[in-house]
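**Q** requesting a structural model of the entry that follows:
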Amino acid sequence: MFPPPPKKFKNFSISDLLGSQTNNPYVKKLGHETKFNQKFNSSKVSTKFLISDLPNDPESLLAGIFQNTIDEALQESRQWGVEPDQLGCIVSSQHLDSDVWIPVREITSNTVDSILNQFLKVTQSKKQNNGMLWGAPFLVSVSTIQKSNTPEECKVVEKIPSNNLKLMTTL
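**A** Here you go, the predicted structure:
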């Protein structure tokens, strides 16, 4: 569905990154969680990673991690019969002052690049403050939505208990 990363990145295969957890010198997958909401045609995939050592080209490593998590989120949605057309992402870590938010938007061919660019902006500002983002676990959460089949309005019917009604009239 998504094109391969631009040629400036060294190609890391996902199986090399996450396949054998014990032999990988760069990335360790610490946890994985999946949630699906049928009412709103949305799914959320959260995966926790630890980058312990940096390769010569860390951008391609991050691009591979983001691409893998996005692919898992899209696959999870499709398993529930939902074809997602929008995607959002949150990257969080204890080394970040605030989470890196990528708002929900249309899925395009440069979705991974836009997530990577936002993350690298934060990394650059941390380097200026003599900080590092590496060495602590970070969480990548990808949310997908199928906007085309989601109702635009939802009617909420709420019944007020009779004892609350008396209180409201006496005020």
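
**Q** report how many residues lie close to residue 90.
**A** By the criterion of other C-beta atoms under 10 Å, residue 90 has 17 neighbours. C-beta here means a position set from N, CA and C on the backbone, and glycine is covered the same way.

**Q** which residues does it contact?
**A** Shown in contact with residue 90 (C-beta atoms under 8 Å, 6 or more residues apart in numbering): 99-102, 139-141, 143.

**Q** list the beta-bridge partners for it.
**A** Beta bridges link residue 90 to residue 101, residue 141, judged by DSSP bridges.

**Q** now it: how far from residue 53?
**A** Separation of residue 90 from residue 53 (C-beta to C-beta, to the nearest Å): 25 Å.

**Q** buried only: go through the contacts of residue 90 for me.
**A** 100, 102, 139-141, 143 (16 or more other C-beta atoms under 10 Å).

**Q** re the thing from before, name the nearest of the contacts of residue 90 relative to residue 57.
**A** Closest approach between the contacts of residue 90 and residue 57, by C-beta to C-beta: residue 140, at 18.7 Å.

**Q** ok, the closest one touching residue 44?
**A** No: counting by C-beta atoms under 8 Å, residue 140 stays clear of residue 44, with 11.2 Å between them.

**Q** mind checking the pLDDT average for the top helix by length along the chain?
**A** If you go by DSSP state H, the chain has its longest helix at helix 58-79. In this model, helix 58-79 carries a mean pLDDT of 85.
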